[in-house]
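S.K.: the sequence and its predicted three-dimensional model are supplied below.
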Amino acid sequence: MVSRVGGVVSDDFRKQLLGYGLTTAQILYRMPDHPSLLQTYVWQNYDLFPKFPALQDFLAFWQDKLEGPLFSVTVAHSKLIKPAELRAVDGVFRLH
């Protein structure tokens, strides 16, 4: 994460304001030497829900450049900055 002093915000914070959320992908892939064995790789970055362009780019890179064929990809996504949840109050109750 890049943070700067003097009123300039970090790139990660800027992405969050643009709608990016923290995305985690658990990638299971087959070992090139032993195809019956699965290995786990965890990828984490800020990405846009629901199309996940950064994750799609990473998976395309994986398939083009790396030898271990993908078995499965499990994705978790959470927006870090969102509006506060407010609800109206019907009345005021006082306890003495």
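M.R.: Arrived safely.

S.K.: determine which residue lies closest to the centroid of this protein.
M.R.: Per C-alpha atoms, centre = their mean, the C-alpha nearest to the average position across the chain is that of residue 23, at 0.8 Å.

S.K.: now for the nearest residue to that residue once chain neighbours are set aside: which residues touch it?
M.R.: Residue nearest to residue 23 in three dimensions, not counting chain neighbours: residue 47, with 4.0 Å by C-beta to C-beta, 6 or more residues apart in numbering. Every C-beta, even on glycine, is put in place using the N, C-alpha and C of the backbone. Taking C-beta atoms under 8 Å, 6 or more residues apart in numbering as the criterion, residue 47 is in contact with 20-21, 23, 53-55, 77.

S.K.: report the buried members of the residues you listed.
M.R.: 20-21, 23, 54-55, 77 (16 or more other C-beta atoms under 10 Å).

S.K.: just the ones of those residues in strands?
M.R.: Among those, the members found in strands (DSSP state E) are 21, 23, 77.

S.K.: in terms of contact, does residue 12 touch residue 46 like I think?
M.R.: Yes. Under the criterion of C-beta atoms under 8 Å, residue 12 makes contact with residue 46 at 6.3 Å.
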